[in-house]
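**Student:** sequence? don't have it. structure:
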Ligand SMILES: O=C(O)CCC(=O)C(=O)O
């Protein structure tokens, strides 16, 4: 795979100092500059065990009823042995703890600006027997030709240990710099229209890295990094929650203003409401009836 040259969309050492200052006290001695360097060059970084046991328990408890009752994915992309829970902030406000977690939000704001939006937020609960997902990026729906400037930041919170066997997310390091969009196992329109998995693993890639991490850990990835959910060959489920952020001028993947009813939104912290779209991308993108959208909330 040829690496194409791309200008860093974020050549701001002075601003990075702000990120370092903001995150260092939260990361117990981890080197924030190195994490940012990894994110810039490899397209992702991992922060182990950020959530404590109580935080993890709150997330699992809130999620449990939706997993028990929820339908399986409808196609190969969603995974026919996977529960995907969308519209999470309409289901339980506790999920706002991850959406506005001080570490991941600082990351999104640094790379995307204060006007960034929540583009998606879903739980992905992979059951035993699930096959590997097609390779995809989280901004592949845009019409821009890769490589391009950064459009989004995807965060992956492990609610379970992710292991080599249970479907740890796989990434292709550095692939945000690729111009290639055709390689074995890459997402096709057809994958949204069929429940039939391919035989074997046509997307097996020599450069793939499985992101194994203990429960409570966080992977942060550029939205243009090629990645996929792994195959779950274990006998237990693997769950993660993935809040994804996009630039304030981009259309979010999920229509958050519809998915989270206004009365639910009104009860969420102000910063979370802003991420849902009750905010303005300067000078006035996102207005409602000529006014700031916060003014239409009950
Ligand atoms: O489940 C995973 O590990 C990743 C899933 C993913 O990237 C997606 O469904 O968009």
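**Tutor:** Alright, I've got the coordinates. Remember, predicted model here, so these are calculated numbers, not experimental data. Numbering: from 1, shown residues only.
**Student:** and the residue of the chain nearest the ligand?
**Tutor:** Of all residues in the chain, residue 229 sits closest to the ligand, at 2.9 Å by Cβ to the nearest ligand atom. Yep, even glycine has a C-beta here, placed from its N, CA and C like the rest.
**Student:** mind checking pLDDT for that residue?
**Tutor:** On pLDDT, residue 229 comes in at 97.
**Student:** which residues in this structure form strands?
**Tutor:** Along the chain, counting by DSSP state E, strands occupy 44-47, 82-85, 117-126, 152-158, 170-171, 209-210, 218-222, 227-228, 238-246.
**Student:** around the ligand, pick out the residues from the protein.
**Tutor:** 124, 133, 169, 227, 229 (Cβ under 6 Å from any ligand atom).
**Student:** buried subset of the residues you listed, written for PyMOL?
**Tutor:** Filtering the residues of the chain next to the ligand down to the buried ones (16 or more other Cβ atoms under 10 Å) takes a single PyMOL command:
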select buried, resi 124+133+169+227+229
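**Student:** biggest separation within the residues of the chain next to the ligand, which pair?
**Tutor:** With distances taken as Cβ to Cβ, the most widely separated pair in the residues of the chain next to the ligand is 124 and 227, at 11.9 Å.
**Student:** overlap in contacts of those two?
**Tutor:** Common contacts of residue 124 and residue 227 (Cβ atoms under 8 Å, 6 or more residues apart in numbering): none found.
**Student:** what's around residue 258, how many residues?
**Tutor:** A count of nearby residues for residue 258, using other Cβ atoms under 10 Å, gives 10.
**Student:** oh sorry, the question was meant for residue 219
**Tutor:** Residue 219, neighbours per other Cβ under 10 Å, totals 23.
**Student:** what's the pLDDT at it?
**Tutor:** 98.
**Student:** quick one: the spatially closest residue to residue 30 that is not a sequence neighbour from residue 112, how far?
**Tutor:** With sequence-adjacent residues excluded and distances taken as Cβ to Cβ, 6 or more residues apart in numbering, residue 30 is closest to residue 47, at 6.7 Å. Per Cβ to Cβ, to the nearest Å, residue 47 is found 18 Å from residue 112.
**Student:** ok, now residue 164?
**Tutor:** Separation of residue 164 from residue 112 (Cβ to Cβ) stands at 32 Å.
**Student:** ok, the two, which is more surrounded?
**Tutor:** residue 112 (24 against 11).
**Student:** list the contacts for the residue nearest to residue 30?
**Tutor:** So residue 47 contacts 27, 30, 35, 103, 217, 218, 219, 220 (Cβ under 8 Å, 6+ apart).
**Student:** between the residues you listed, which is nearest residue 271?
**Tutor:** residue 103 (14.0 Å).
**Student:** per the record, what domains does the protein have?
**Tutor:** Using automatic domain parsing, the domain parsing of the chain gives 30-193+202-248, 263-298.
**Student:** list the buried ones in the shortest one?
**Tutor:** The neighbour-count check on domain 263-298 (16+ other Cβ under 10 Å) flags 264-265, 268, 272-281, 286, 293 as buried.
**Student:** measure it end to end?
**Tutor:** Using Cα to Cα, to the nearest Å, one end of domain 263-298 lies 6 Å from the other.
**Student:** enumerate every residue touching the residue nearest the centre of the chain.
**Tutor:** Nearest residue to the geometric centre of the chain (Cα atoms, centre = their mean): residue 154, 2.9 Å. Residue 154 sits next to 138, 220, 221, 222, 223, 225, 242, 244, 245 when contact means Cβ under 8 Å, 6+ apart.
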